[in-house]
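>>> pasting a predicted model and its sequence here:
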Amino acid sequence: MEWLMKYSRVWVYVGLLFAPVVARAQPATSSDSTELVKALLARVEQLEKRVAELEGRPGPTGPAVQPGVAAAQPATVTEPAARAPDTAAAGPNQVAEGPPIHMRHGGMPEMNVPSTHIAGFSDIDFGATDKPGSHSGFSEGQFVLHLSSTLSSKVSFFGELSMTARQDAGTGTPPAPGFNIEVERSIIQFQQNDYFKVSFGRYHTPINYWNETFHHGAWLQTTISRPEMVQFGGSFLPIHFVGALVEGAVPAGGLNVNYNFGLGNGRSGVISRAGDWGDINNNRAWLVNLFSRPSALYGLQFGGSVYRDLITPVGPLAGTAFHEWIESAHVVWSKESPEVIAEFANVTHEQVGGSLKSNSQAWYVQTAYRLPGSARLWKPYYRFEYIHIPGSDKLFKAVPSLAGSTVGVRYDISSFAALKLEWRNLRRPNEPRVNGAFAQTSFTF
């Protein structure tokens, strides 16, 4: 203990020696240096008292600080936050001041900064179809970044950025960029416990299992393609949602019931987009999502969702509003031998002040099986999907009905990369059947 007291005093003296120099070099942080010195002196005093108690002799009779200045309490001292740099006077090469300095338990300084973790996903694809006018060749899939940061023991942030190649790159005036950059998700969450969490931001709308589970990294999903009902940029279901969510999980006697209650902007005037800039009308969209993961049947999940919105579209339907109801349900067996995902959704559109009313349905069933033993790196799969859009659904006029099959196989090169081969057969009303072969290498880093 005595050596600790001596070395602590040495470092305090070194700090006192250089404090005036630091103060002259950085006048904006002189108060911080003074307060730090006070805290260190108080720490030395505490160590001297501790040594005196251990050796059975009286400790120092007074605080080792300047006369008239109250001694700092090491466990509770908190430095004032460093002020923001004066941007009006800052030069082009001036570096902003660092984050605020706080005192850890015991009075030692630490930098109070969040720790951000980044994960990435991408894929390279090849495709060829017999659709008239189509072209075969390679394409670059989405380049995706996931950013997560713990801001405190109960507060966290998650973000997702995607970069997607543009077909019209280099055309127009000014020339179109090569990639579209999109903020797919940006969520800050306050977690009281597993039963109750509140978050705000931009989400993948939690009314569909695939949309909530498999995000923009193609490596996450078994297949190359997503079901048509949840295609990125599609209109059948609202893929993104901007607002607030209350969520959590309750054991419920082993049923493990999870819930989501959401309130937000819903669809924008272009129904394939979310209301990122604000709500297009004064009617908030809301959703309820409930699902269960029974402990007795690990891998099983089943549940359903309800979504309500008021849509005021732009374009040919401008000036007409529609109530939208979406009911959906899913059953999933997530073990890989086998893997089964089945979903159904019904979308009701009812014209406000008019007689138009329609119900559109979509569903799919996907099965996969990871082979056993030495063939465990192979995972063949099959999916059948169906979408029915009645002629009375004016909002979904650009969403074609279809019936299609997808068959393929996934081969895991490593724990972080996979090769996939896929054959698709799609049939749309009044159009010839389209066949296509696709290949993909997807990975995470």
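Thanks, I have the structure now. Numbers count the residues shown, from 1 in each chain.
>>> can you give me the neighbour number for Y381?
A count of neighbours around Y381, defined by other C-beta atoms under 10 Å, yields 23. In short, each C-beta sits where N, CA and C put it, glycine included.
>>> again, but for Q231
15.
>>> how close does it get to K357?
Distance of Q231 to K357, given as C-beta to C-beta, to the nearest Å: 25 Å.
>>> same question, A345
Where K357 is concerned, A345 sits at a distance of 17 Å (C-beta to C-beta).
>>> and what of D130?
The gap separating D130 from K357 is 38 Å, by C-beta to C-beta.
>>> of those two, which one has the most company?
K357 (14 against 11).
>>> the more buried one and S392 touch, don't they?
Yes. When contacts are counted by C-beta atoms under 8 Å, K357 is listed as touching S392 (7.2 Å).
>>> mind listing the strands the helix or strand containing S328 pairs with, and their directions?
Element membership of S328, judged by DSSP states H and E, is strand 322-333. Sheet pairing of strand 322-333 (DSSP bridges) gives strand 300-311 (antiparallel), strand 339-351 (antiparallel).
>>> in the last one, what counts as buried?
Read it as strand 339-351. For strand 339-351, burial by neighbour count (16 or more other C-beta atoms under 10 Å) applies to E339, V340, I341, A342, E343, F344, A345, V347, H349, Q351.
>>> can you name the element that comes right after that strand?
strand 357-368.
>>> could you pull up the mean pLDDT of the following helix or strand past that next one?
Toward the C-terminus, strand 357-368 is succeeded by strand 378-388 as the next helix or strand (DSSP H and E). Taken as a whole, strand 378-388 carries a mean pLDDT of 98.
>>> mind listing the strands the helix or strand following strand 378-388 pairs with, and their directions?
Next helix or strand after strand 378-388 toward the C-terminus (DSSP H and E): strand 402-414. If you go by DSSP bridges, strand 402-414 pairs up with strand 378-388 (antiparallel), strand 417-427 (antiparallel).
>>> which SS class is the nearest residue to P175 once chain neighbours are set aside?
Once flanking residues are discounted, P175 sits nearest to A169: 7.7 Å by C-beta to C-beta, 6 or more residues apart in numbering. Put simply, A169 is coil when judged by DSSP: H, G, I helix; E, B strand; the rest coil.
>>> so A169 touches N180, yeah?
No. A169 lies out of contact with N180 (C-beta under 8 Å); the separation is 9.7 Å.
>>> just to revisit the earlier point, export the buried residues of strand 339-351 to JSON lines and tack on distance to S235 and pLDDT?
Shown next, in JSON lines, are the buried residues of strand 339-351 (distance: C-beta to C-beta, whole Å; pLDDT from 0 to 100):
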{"residue": "E339", "distance to S235": "28", "pLDDT": "98"}
{"residue": "V340", "distance to S235": "27", "pLDDT": "98"}
{"residue": "I341", "distance to S235": "22", "pLDDT": "98"}
{"residue": "A342", "distance to S235": "22", "pLDDT": "98"}
{"residue": "E343", "distance to S235": "17", "pLDDT": "98"}
{"residue": "F344", "distance to S235": "18", "pLDDT": "98"}
{"residue": "A345", "distance to S235": "13", "pLDDT": "98"}
{"residue": "V347", "distance to S235": "10", "pLDDT": "98"}
{"residue": "H349", "distance to S235": "11", "pLDDT": "98"}
{"residue": "Q351", "distance to S235": "17", "pLDDT": "96"}
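>>> which one of the residues you listed is nearest P400?
The nearest member of the buried residues of strand 339-351 to P400, counting by C-beta to C-beta, is V347 at 14.6 Å.
>>> any figure for the gap between that closest one and K154?
37 Å.
>>> now S268
Distance, S268 to K154, by C-beta to C-beta: 32 Å.
>>> same check on T173?
Shown here: T173 relative to K154, a distance of 50 Å by C-beta to C-beta.
>>> so between those two, which is more surrounded?
Between T173 and K154, counted using other C-beta under 10 Å, the more crowded position is K154 (12 against 5).
>>> excluding its backbone neighbours, what's nearest that one?
Q191 (5.3 Å).
>>> can you tell me the SS state at that neighbour?
Per three-state DSSP, Q191 ends up strand.
>>> that one pairs with what?
Going by DSSP bridges, Q191 forms beta bridges with K197.
>>> neighbours around it, how many?
17.
>>> next up, the contacts around it.
K154, V155, S156, K197 (C-beta atoms under 8 Å, 6 or more residues apart in numbering).
>>> which of those residues lies closest to I118?
Using C-beta to C-beta, these come closest to I118 at S156, 14.6 Å.
>>> okay then, goodbye and thanks.
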